[in-house]
Every structure is written in structure tokens, then in C-alpha cells.
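Trainee: Fold the following.
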Amino acid sequence: MVILEQTKTQLKFRYRPYSIWMATGGWIVGTFLIVPIIYLQLSWMFYLWWIPLFLILNIVASIALLIFAGRVVICHFDKDYNGFTLKRRGLLNTQVIWHPLAHIIDVQVEAIGWNPDRNATCQIAMFLKSGDRISLDLGLASINDKLKTVNLIRKFLDMPPQKWS
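Mentor: Have a look, this model is predicted:
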């Protein structure tokens, strides 16, 4: 996550899933490298029906991963226009969510699960007057980073800071 802008009237975050992009790129390159290696070592095996199927399935899986998990997220709080905009831009489409700042009643780190080895699994959640809940996936791994981000948003919205217990 990168803070693009932080002023009295603007707060803007951006998350680009570089790790997913690199893993998918490595997966595609690895797939194209393994096929010639199989062909050179075991040329008779190349004529079997599963090699083209293997190649096609890996490419389809890579593209699906990029479409569904490789989206750029931009979160923009704007006091000038009194609005919150959440853009999730993928390969095929862009999803835009807009709400007035007055409709945001709470922003907090929310525990969504518990694992004895890793403690709590948390996410950043925004609660609206309508009862809707918007989760902000900004690519933050640690609870402390999520709490700092939540408190930055809460400070911008003139809310008291959240404490993690």
C-alpha cells in the first residue's frame, strides 16, 4: 500500500498486488520453459494429449488469477467533494463504489477469524449508516499496519483512534 496523497482535504491510498503479478508471470514463463524441456528430454511424451492440455490449463489458470486477484485498489477520501471513492481496477473492468463521507459511521480493524498459530486474522472494515459494510483490502499483512491505516483514516474523518486489545 502506498499513500498517494495526504492533506487536510484529501487522503488517497493505492494497492498494487505486485506479488500476485510476479507469481503469475513466473508461472506463465515456467510453463513455457517446462514444455521445451519435456520435449527435449522425452520427445515421445510431447505427442501425448496431456501436454497441450497442460499448457492451455496453465495459461487459463494464470489469466483467471490475474483477472480475479490482480486488481489495483485505489481508496480516496475527499473532503472537498464530501465523498469516499473505492476503485478496484482489473484487466477486464473497473468497479467504482462511492459514498458521502457523512454516511461513514465507523472504520475499524475487524477480526474475521482465529488461528492458534497466527492469532487473529483481521481486515479493515468501514461501516455505513445504511448498515452496509465495506472491506478495504489494501495489501497489509500485519495487524499493526492495518491499525495504523485505520487510525490515519479515523483521524482524517475526525474520529477518535481505535485501540487494539
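Trainee: can you list the weak-confidence ranges in the chain?
Mentor: 43-49, 115-120, 165 (pLDDT under 70).
Trainee: So for the helix or strand encompassing Arg88, what gets flagged as buried?
Mentor: Arg88 belongs to strand 83-89 when assigned by DSSP states H and E. Across strand 83-89, burial judged by 16 or more other CB atoms under 10 Å covers 84, 86-88. Yep, even glycine has a C-beta here, placed from its N, CA and C like the rest.
Trainee: Go through those and name the one nearest Ile28.
Mentor: Arg88 (22.9 Å; CB to CB).
Trainee: quick one: the closest one and Val72 touch, right?
Mentor: Yes - if you go by CB atoms under 8 Å, Arg88 and Val72 touch, sitting 7.5 Å apart.
Trainee: Next up, the contacts around the residue nearest to His99 when sequence neighbours are not counted.
Mentor: The shortest distance from His99 to any non-neighbouring residue, by CB to CB, 6 or more residues apart in numbering, is to Phe84 (5.0 Å). For Phe84, the contact set (CB atoms under 8 Å, 6 or more residues apart in numbering) comprises 75-78, 98-101, 104, 126.
Trainee: mind listing what's buried in the lengthiest helix in the chain?
Mentor: For the chain, the longest helix by residue count, based on DSSP state H, is helix 18-41. Across helix 18-41, burial judged by 16+ other CB under 10 Å covers 20, 24, 28, 31, 35.
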